[in-house]
Structures are given as structure tokens and as C-alpha cells.
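# This is a predicted model, with the sequence first.
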Amino acid sequence: MRPGLFAEHSITRRVNRENILLLGGGRALLMQLAHPLVAAGVDEHSDFRAHPIRRLRRTIRMTMAIVFGDRETALAAARSVNQVHAKVRGPDYHALDPELLLWVHATLADTALVTYETFVQPLERGEREEFYQEFKLLGELLGVPRERFPDTFVDFEAYLDQMMATGPVHVDDRARELAVQVLRPRVRLLPGPVMIPFNIVTAGMLPPPLREQFGLPWGPRQQQAFKLAVTTLPKIIAITPPLIRVWPLPGRSVVLTSGGRATTTS
């Protein structure tokens with residue numbers, strides 16, 4: 001297997017390999033949409049309203065290719081994303097703006113850690129720091145200058161708090177409209193109630209200020225359901241065979257097909 005940008009036993013691969021991280025997809029999307037300029041770019045330069053799941057799939061493929069692919073695959077995935085972002089421009093925003101890229105990167109890093117610690121196992125403080133420092137590489141490949149990152153994980157947490165408390169991140173009407181597509185996407189053959197457990201998990205993991213701004217239900221029933229998920233899922237995951245629990249399996253690399261799909265190779 002050809003070497004990639006991250007070592008096989010790195011904490012970045014250990015965390016991102018868990019399939020349960022898919023449960024954090026809604027959280028990451030809503031956090032991104034809570035930045036008005038990110039939401040504007042998504043709304044005006046994509047088919048998000050018609051096909052919201054496509055953005056999530058693209059993000060997952062890109063992340064898996066960079067984290068688990070060999071060096072050539074990782075760099076090709078990053079170039080592909082950067083080429084798309086170069087065309088996303090509006091009166092007040094450009095998708096290659098380092099500040100917007102940093103926020104999107106922050107939502108992915110924070111969501112990966114929150115989802116992993118909620119449903120797999122807690123991490124030591126040093127492990128969080130290690131993950132944060134390693135994950136900067138992904139952000140750099142996608143256009144965030146190294147000096148723009150908060151220095152340490154503690155600084156990163158402060159950055160997130162500041163962005164939501166006094167910074168530009170706040171949920172506006174456009175974000176609420178787009179959030180409906182995340183929480184109740186029009187998926188063929190799947191009735192709306194199927195999304196209820198996913199929505200409860202998404203609401204439970206969202207930072208409380210954003211959950212309130214999005215107007216997500218969070219009464220006793222939702223809180224009890226989330227508590228049940230947090231109590232039950234880690235026990236199930238702990239006994240789940242790797243063939244089902246993780247992707248890609250250790251020792252396998254990710255490659256991108258000509259159609260942009262991520263697949264594995266030994």
C-alpha cells in the first residue's frame with residue numbers, strides 16, 4: 001500500500017474510520033449554514049435545495065480520499081475541491097476566503113471529535129490536541145493558511161465559542177430554510193418519520209446557541225431519546241465487527257474513480 005498523508009495508526013485515521021461519524025453529518029452541515037456567507041455560497045452556487053444529501057456525500061468522499069488515500073489521491077481530491085471553490089463567488093463572499101474555509105474546516109474537525117466521543121469513546125486531552133494538530137493538514141490542502149489556525153486545541157475551542165457568541169456565525173432566515181432540506185430531505189422511498197432519530201441526534205450534538213437559533217425541538221421527549229441513544233449506541237458499536245463498524249478496513253487505501261467516487265484498494 002502506497003503511503004498517504006496520514007500514518008495508518010494516526011489518530012486522524014482512527015477517528016475518521018468510524019462509520020458512526022455519519023451521524024454527525026447533519027450537525028456539520030447546520031453549523032456551516034449558520035455562517036451567512038457560507039450559506040449564501042451554498043444556496044447560490046449549488047443544487048443544495050433540491051439535493052442536500054449530495055453536499056454531504058461530496059464532503060465525505062473528499063475527507064476519506066484525503067485522510068485514507070495515498071498521497072496522489074489525497075492531493076487530487078484537494079485540487080478538485082479547490083477548483084470548484086474558485087468558481088463560487090458573490091457580492092460579499094468568495095469560497096476561497098480563508099476565514100470562510102477556516103469555519104467550514106472547524107465544523108468538520110469539531111463534529112468528528114464530538115461524534116466520536118459521544119458514540120465511540122472519550123478521548124484524552126492529549127489525543128484531542130493531537131487530532132486537532134494533524135487535521136490542520138486537511139485544512140491547509142483546502143486553502144487555509146497555516147497561520148490562520150488557532151494554535152492549540154484550547155484556542156480552537158475559544159475560536160468556536162467566539163464565532164458563535166460575538167462573531168459572524170448566526171442563524172438567519174436563509175439558514176433556517178436550508179436547514180429544512182437537511183432535517184427533512186426529499187428522499188425517495190423513505191417516509192419523513194424515518195428522519196426523526198437522525199434529527200434528535202443532530203439537535204442533541206449541536207451547540208445549544210445554534211440549536212435554539214434554528215428552532216429545533218428540544219423538550220423532555222427529545223432529551224430523553226438523545227440520552228437513550230448516547231447510552232445504547234456506544235455499547236452496540238463496541239461489539240460490532242470491524243467489517244461493519246469501520247471503513248476503510250485497516251490496511252486498505254482509498255482511491256477516487258473517474259466519477260469522483262471513493263473506493264478502496266488493498
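Sure, I can see it. Numbers count the residues shown, from 1 in each chain.
# from memory Tyr41 sits against Leu96, does it?
Residue 41: Gly, not Tyr. No. In this structure Gly41 lies outside contact range of Leu96 using C-beta atoms under 8 Å: 10.4 Å. In short, each C-beta sits where N, CA and C put it, glycine included.
# Which one's more surrounded, those two?
Gly41 (24 against 15; other C-beta atoms under 10 Å).
# Now do the host helix or strand of that one: distance to the chain's middle.
According to DSSP states H and E, Gly41 maps onto helix 36-44. On the basis of C-alpha atoms, centre = their mean, to the nearest Å, helix 36-44 sits 17 Å off its chain's mean C-alpha point.
# what's that helix in contact with?
For helix 36-44, the surrounding residues in contact (C-beta atoms under 8 Å, 6 or more residues apart in numbering) are 32-33, 48-49, 55, 88, 90, 92-93, 95, 97, 100, 103-104, 168, 170, 172, 174-175, 178.
# helices or strands next to the stretch of helix or strand Thr231 belongs to in the packing?
Applying DSSP H and E as the criterion places Thr231 in helix 220-238. Counting by 3 or more C-beta pairs under 8 Å, 6 or more residues apart in numbering; DSSP states H and E, the packing neighbours recorded for helix 220-238 are helix 98-119, helix 196-205.
# Out of those, which is the most enclosed?
Mean neighbour count (mean count of other C-beta atoms under 10 Å) peaks for helix 98-119 among the helices and strands packed on helix 220-238, with a mean of 21.
# Skipping its backbone neighbours, what lies nearest the residue nearest to the spatial centre of the chain in space?
Nearest to the geometric centre of the chain sits Leu108, at 3.5 Å (C-alpha atoms, centre = their mean). In space, and not counting its chain neighbours, Leu108 is closest to Ala28: 5.8 Å by C-beta to C-beta, 6 or more residues apart in numbering.
# Quickly find the element holding that neighbour.
helix 25-33.
# What of Thr240?
Counting by DSSP H and E, Thr240 is part of no helix or strand.
# which residues sit in contact with it?
So Thr240 contacts nothing (C-beta under 8 Å, 6+ apart).
# ok, it to Phe119 distance?
Between Thr240 and Phe119 the computed distance is 11 Å (C-beta to C-beta, to the nearest Å).
# what does Pro217 give?
21 Å.
# residues contacting the residue nearest to the centre of the chain?
Leu108 neighbours (C-beta under 8 Å, 6+ apart): Ala28, Thr59, Thr63, Phe135, Leu138.
# Of the residues you listed, which is the nearest to Val114?
Ala28 (9.6 Å; C-beta to C-beta).
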